[in-house]
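Q: Give me a 3D structure for the following:
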Amino acid sequence: MMKNMEDMLRFNTVSDYNVFNNNPTRHPLISVVDFTKAAPRHGYKMYFGFYTIFLKDLKCGDMSYGRNTYDYQEGTMVFLAPGQVAGVNSKGEVYQPKGHGLVFHADLIHGTSLGRHIADYGFFGYQSNEALHLSDKERNIVLDCFDKVDHELEQNIDKHSKRLIVANIELLLDYCVRFYDRQFITRDNVNRGILEKFEAILNDYFISDKPQTIGLPSVAYCAEQLYLSPNYFGDLIKKETGKTALEYIQAKLIAMAKERIFDHGKTVSEIAYELGFKYPQHFARLFKQKVGHSPLEYRSLN
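A: Below you'll find the model as predicted:
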């Protein structure tokens, strides 16, 4: 029996995960998992080959994901996409899992509306420290969606089953989009200052030698400086500014470029390299697109 968090369990199929949690497999591609049926266990790292949605009912160990450990409270949801690794750090102690999970394989949603739009649900790329914290009302809505899927799995599979199951997953995810929107507002004390820090990161970036050594600042780089996943960071910036994080970076680039273009001692190529562009023509194209004039035209107009 593995007792070390460094040991990793791999779950490639829904039925593998059901067996681990003492839950029946009623459909090979989807399951609503009741964790109270699982035997007490140590914390493990786990690899998931399918979409996984956790709803924790009680505090039961800390969840680790990526480099972070998250103190998991009641009514917390975490979303994992296929190929991600997560785990519970029980500090070597045996614990009884509690709560519910919804797991479904990508094959279930191929060819459906959800299959075409699953990438729009950015929270499947969040880290566990960016988990969704539900109110009691929201938790009841989530459990109701779980129940509807569970009800379908209890019926004899017919021509309506897949459509209804997938529709209920989509409904659940749409509710979670709404709940995250609410969280971005209500947890403003957590998010406050992210925009100011983003601005400071960009300012520091452009007065350093990073543009010449690394190139243009990326969304992933800025998110990493703030200890956020690129998805969560991007969604937060969009909520705060109405612009994507990339659009925000580009606006900053153009503002810096306009300043530097007034320095007639520098060529447009030199300014482009200073800002981190590998090719001056890429700078000229972006500038024209955003400003309506080429860098040289802008210089002569002003």
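Q: Summarise which helices and strands the longest helix along the chain is packed against.
A: Counting by DSSP state H, the longest helix found in the chain is helix 161-186. Helices and strands touching helix 161-186, by 3 or more CB pairs under 8 Å, 6 or more residues apart in numbering; DSSP states H and E, are strand 100-104, helix 106-109, helix 113-117, strand 132-133, helix 136-154, helix 230-241. C-beta: built from backbone N, CA, C; applies to glycine.
Q: now that helix and helix 136-154, what's the angle there?
A: Computed by axes from the mean of the first three to the mean of the last three CA atoms, to 10 degrees, the angle separating helix 161-186 from helix 136-154 equals 170 degrees.
Q: now helix 161-186 and helix 230-241, what's the angle there?
A: Using the same axes, to 10 degrees, the direction of helix 161-186 lies 60 degrees away from that of helix 230-241.
Q: Under the pLDDT cut-off, which ranges of the stretch 101-250 of the chain? List them.
A: Filtered on pLDDT under 70, the stretch 101-250 of the chain yields the residue ranges 186-192.
Q: redo that, cut-off 80
A: Counting by pLDDT under 80, the stretch 101-250 of the chain shows low-confidence ranges at 128-129, 157, 185-193.
Q: circling back to that earlier point, export the helices and strands packed on helix 161-186 to a markdown table and tack on mean neighbour count and distance to Leu195?
A: Shown next, in a markdown table, are these (neighbours: other CB atoms under 10 Å; distance: least, CB to CB, whole Å):
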| stretch | mean neighbour count | distance to Leu195 |
| --- | --- | --- |
| strand 100-104 | 22 | 34 |
| helix 106-109 | 18 | 35 |
| helix 113-117 | 14 | 28 |
| strand 132-133 | 18 | 21 |
| helix 136-154 | 16 | 26 |
| helix 230-241 | 19 | 5 |
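Q: Need these in JSON lines (columns: distance to Glu170).
A: Shown next, in JSON lines, are those (distance: least, CB to CB, whole Å):
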{"stretch": "strand 100-104", "distance to Glu170": "11"}
{"stretch": "helix 106-109", "distance to Glu170": "9"}
{"stretch": "helix 113-117", "distance to Glu170": "5"}
{"stretch": "strand 132-133", "distance to Glu170": "17"}
{"stretch": "helix 136-154", "distance to Glu170": "10"}
{"stretch": "helix 230-241", "distance to Glu170": "19"}
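Q: So for Met46, which of those sits nearest?
A: strand 100-104 (11.4 Å; CB to CB).
Q: what's in contact with the closest one?
A: For strand 100-104, contacts defined as CB atoms under 8 Å, 6 or more residues apart in numbering pick out 14, 17, 29-35, 48, 50-55, 57, 143, 146, 149, 169, 172.
Q: Tell me the strands beside it, with direction?
A: In the sheet, strand 100-104 lines up against strand 30-34 (antiparallel), strand 51-56 (antiparallel) (DSSP bridges).
Q: rank the ones you listed by mean pLDDT and give me the bottom one.
A: Set side by side, the strands paired with strand 100-104 differ in mean pLDDT, and strand 51-56 is lowest with a mean of 93.
Q: and Gly193, how many neighbours?
A: Burial of Gly193 is recorded as 12 neighbouring residues (other CB atoms under 10 Å).
Q: Then Thr112?
A: Neighbours of Thr112 (other CB under 10 Å): 17.
Q: Touching, it and Val166? I think so.
A: Yes - with contact defined as CB atoms under 8 Å, Thr112 counts as touching Val166 (5.0 Å).
Q: Redo the strands paired with strand 100-104 as CSV? Include distance to Glu130.
A: Below are the strands paired with strand 100-104 laid out as CSV (distance: least, CB to CB, whole Å):
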stretch, distance to Glu130
strand 30-34, 22
strand 51-56, 14
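Q: closest one to Pro24 among those strands?
A: Comparing the strands paired with strand 100-104 by CB to CB, strand 30-34 comes nearest, at 8.4 Å.
Q: one step back: format the strands paired with strand 100-104 as a markdown table; extra columns: mean neighbour count and distance to Met256.
A: Output for those, formatted as a markdown table (neighbours: other CB under 10 Å; distance: least, CB to CB, whole Å):
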| stretch | mean neighbour count | distance to Met256 |
| --- | --- | --- |
| strand 30-34 | 23 | 50 |
| strand 51-56 | 23 | 41 |
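Q: Quickly note the distance from Ala39 to Gly83.
A: Separation of Ala39 from Gly83 (CB to CB, to the nearest Å): 26 Å.
Q: should've said Gln281
A: Distance, Gln281 to Gly83, by CB to CB: 37 Å.
Q: more crowded one of the two?
A: Counted by other CB under 10 Å, Gln281 and Gly83 do not tie: Gln281 has more neighbours, with 12 against 9.
Q: How is the more buried one assigned, secondary-structure-wise?
A: Here Gln281 is recorded as helix under DSSP: H, G, I helix; E, B strand; the rest coil.
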